Structures are given as C-alpha cells and as structure tokens.
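J.: Curious how this folds, go ahead:
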Amino acid sequence: METVNIHEAKTHLSRLMEKVSKGESFIIAKAGKPIGKLVPLDEAEMPKKRRIGFMKGEIVVPHDFDRMMADEIEEMFYGNPDKFKDR
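T.: Below is the predicted model of the structure:
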C-alpha cells in the first residue's frame, strides 16, 4: 500500500480519488507518521439509488384518483345544502 504525505494528498486529491475508485488504497502520513487511510468503499456501504417506476404493475391507481372523496371534501368546506331543505 502506497504512503502519501498529507501535502501531496491535498495537492493531488483528485488523482488519488481516481485511483481509489479503481480499487487502490493509500496511507496518508504527516511527517512520515501514518495518520489515516484512504480506501474504496465496499459496494454494500454505498447508498442504493432510487429507481423511478420500480413498482410498475404492482400498484393500481384508480382512474379517478384526483377526484376521490371530492364530494366529502366539498361538504367539509361548504356544508351540505340538502341537509337544510326541510327547515
């Protein structure tokens, strides 16, 4: 495993990260003393990407979903005019 001093790591971080993405690892040292390790993440540790449409065919959306409960909602706001016709 290659050892890189901290100044070189800061100067060439992009280059080091490119190598890490290909599987290489580095030890970062300050004044020759190891202080850290730059290693690639395991595939399991990386967050999974969200996929659009991954449940296609498993969920049925009613054709009138945008009008569902419209009468009840309207009654909540405006009341029921039929309720007071007999009075």
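
J.: Tell me where this structure is predicted with low confidence.
T.: Across the chain, the ranges flagged by pLDDT under 70 are 43-46, 81-87.

J.: how close does N80 get to D64?
T.: 21 Å (CB to CB, to the nearest Å). In short, each C-beta sits where N, CA and C put it, glycine included.

J.: Please say which of those two ends up with more neighbours.
T.: Taking other CB atoms under 10 Å, N80 and D64 do not tie; N80 has more neighbours (11 against 8).

J.: Let me see the contact set for the more buried one.
T.: Contact analysis of N80 by CB atoms under 8 Å, 6 or more residues apart in numbering lists nothing.

J.: residues contacting G23?
T.: So G23 contacts P40 (CB under 8 Å, 6+ apart).

J.: same deal with H12?
T.: Neighbouring residues of H12 by CB under 8 Å, 6+ apart: V4.

J.: measure it to K19 for me?
T.: In terms of CB to CB, H12 sits 10 Å off from K19.

J.: same question, R51
T.: Taken as CB to CB, the span from R51 to K19 is 30 Å.

J.: between the two, who's got more neighbours?
T.: Regarding R51 and K19, a neighbour count based on other CB under 10 Å identifies K19 as having more, with 15 against 7.

J.: what's the closest residue in space to the more buried one that isn't next to it in sequence in contact with, if anything?
T.: Counting by CB to CB, 6 or more residues apart in numbering, F26 is the residue found nearest to K19 once chain neighbours are left out, at 7.5 Å. Contact analysis of F26 by CB under 8 Å, 6+ apart lists M1, E2, T3, V4, A9, L16, K19, V20, K37, L38, V39.

J.: swap the cut-off to 10 Å and go again
T.: Going by CB atoms under 10 Å, 6 or more residues apart in numbering, F26 touches 1-4, 8-9, 16-17, 19-20, 36-39.

J.: In strands, which of those residues appear?
T.: E2, T3, V4, G36, K37, L38 (DSSP state E).

J.: now those in TSV, with neighbour count and distance to M68?
T.: TSV is the format used below for the ones in strands among the contacts of F26 (neighbours: other CB atoms under 10 Å; distance: CB to CB, whole Å):
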residue	neighbour count	distance to M68
E2	10	62
T3	11	64
V4	16	61
G36	12	56
K37	10	55
L38	18	54
